[in-house]
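[1] Quick one, fold the following:
(chains A and B)
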Amino acid sequence: MPRFDRRELAAIYAGGVLGALARVSLAQAFPVQVPSWPWTTFAINVSGSFLLAYVATRLRERLPPSTYRRPLLGTGFCGAYTTFSTVQVEVLKMLDHDRYGMAIAYVAASLAAGLAAVWVATAMVRRVRMVTAG
Amino acid sequence: MSVWVWIAVGVLGGAGALARFVLDALIGTRWGGAFPLGTFAVNISGAFVLGLLTGLDVPSETLLLAGTAMIGAYTTFSTWVLETHRLAEEGEIGTAVLNVVLSITAGVGAAAVGRLIGGH
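    Residues are numbered from 1 along each chain as shown, chains lettered A, B, ... in the order given. Below is the predicted model of the structure:
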């Protein structure tokens, strides 16, 4: 059984509260019904992936271990803001409508855009760190 | 949406994030492989439960709170993608591809099974 730091847990919880509120607000503001393309979920997942990669890369080596920024912003906020389960149900609904091409495209595009976002955010942080270290 | 529902969204969203962290940490202490089993377990179990809620055809507010807010916060797309990227960066290409293919097939499968059990 790992030892859990209470303040880390609190940071994750707080981030989770904000991430869920952000996602639900956007979902309410920009509702999408499959078989329309789920732009809202897509945008949330890609932007959240960018932010997580930025936070994870920037905070990985720099700050002392007592920082709670990573659990708050990363595990908490980004983890709660983005969602995997919603994508799966959206895919099921596309399949219900026989939109097999759309289902494949949606998963592929989400993944590709998410990976690209991670790559860009990571590169951005490392370039700045290389420049400032010089 | 009433203030109370928004408060519930926040409370349940935080709980979902915490549950994800705890399960991932517990699995992490037992699993030493490169494959991100913790995130996988969280995402697949979450997909199952969301499928189940969808299949049960619960009232819209229940689906919003238990499904969108809590399970949506419990599962994570960003961690899945970040871990895939880091695996590829470290040269673990096979594991990265496995993480993608397995998560998608098991995820859709779990959601489908959950929905079927729910009675859709």
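[2] CA only for contacts and neighbour counts going forward, please
    OK.
[3] Now the longest helix anywhere in chain B: buried residues?
    With secondary structure taken from DSSP state H, chain B has its longest helix at helix B:3-30. Residues of helix B:3-30 classed as buried by neighbour count (16 or more other Cα atoms under 10 Å in any protein chain shown): B:6, B:8-22, B:24-25, B:27-28.
[4] So is that helix next to chain A?
    Yes - counting by Cα under 8 Å from any Cα of the partner chain, chain A is contacted by helix B:3-30 at B:6, B:9-18, B:21, B:25-26, B:29.
[5] What's the separation between A:Val55 and chain B?
    Between A:Val55 and chain B the computed distance is 11 Å (Cα to the nearest Cα, to the nearest Å).
[6] does that residue sit in a helix, a strand or a coil?
    In three-state terms, and counting by DSSP: H, G, I helix; E, B strand; the rest coil, A:Val55 is helix.
[7] Tell me which stretches of chain B form helices.
    Using DSSP H, helices in chain B cover B:3-30, B:37-56, B:60-62, B:72-74, B:78-89, B:93-118.
[8] pLDDT below threshold where in chain A?
    Counting by pLDDT under 70, chain A has low-confidence residues at A:1-2, A:61-66, A:129-134.
[9] check whether stretch B:77-88 contacts chain A.
    Yes - for stretch B:77-88, a contact with chain A is found by Cα under 8 Å from any Cα, at B:Phe77, B:Ser78, B:Thr79, B:Val81, B:Leu82, B:His85.
[10] What number of residues are in the vicinity of B:Gly91?
    B:Gly91: 11 surrounding residues under other Cα atoms under 10 Å in any protein chain shown.
[11] and if you look at A:Ala113?
    Neighbours of A:Ala113 using other Cα under 10 Å come to 20.
[12] residues in contact with it?
    A:Val46 (Cα atoms under 8 Å, 6 or more residues apart in numbering or on different chains).
[13] change it to 10 Å
    A:Phe42, A:Ala43, A:Asn45, A:Val46, A:Ser47, A:Ser49, A:Phe50, A:Val107, A:Trp119, B:Val81 (Cα atoms under 10 Å, 6 or more residues apart in numbering or on different chains).
[14] The fifth one is in contact with A:Tyr81, isn't it?
    Yes - in this structure A:Ser47 lies within contact range of A:Tyr81 using Cα atoms under 10 Å: 9.4 Å.
[15] Who has more neighbours out of the two?
    Using other Cα under 10 Å as the criterion, A:Ser47 and A:Tyr81 rank with A:Tyr81 on top: 35 against 19.
[16] Distance of that one relative to chain B?
    Distance from A:Tyr81 to chain B, by Cα to the nearest Cα: 6 Å.
[17] burial count for the closest residue to chain A within chain B?
    For chain B and chain A, the shortest gap (Cα to the nearest Cα) falls at B:Ala73, measuring 3.7 Å. By other Cα under 10 Å, 38 other residues sit near B:Ala73.
[18] Read off the pLDDT value for it.
    We note a pLDDT of 98 for B:Ala73 in this prediction.
[19] Now do the phi/psi pair for the residue nearest to it when sequence neighbours are not counted.
    Nearest non-adjacent residue to B:Ala73, counting by Cα to Cα, 6 or more residues apart in numbering or on different chains: A:Ala80, 3.7 Å away. For A:Ala80, the backbone dihedrals (degrees, to the nearest 10) come out as phi -80, psi -30.
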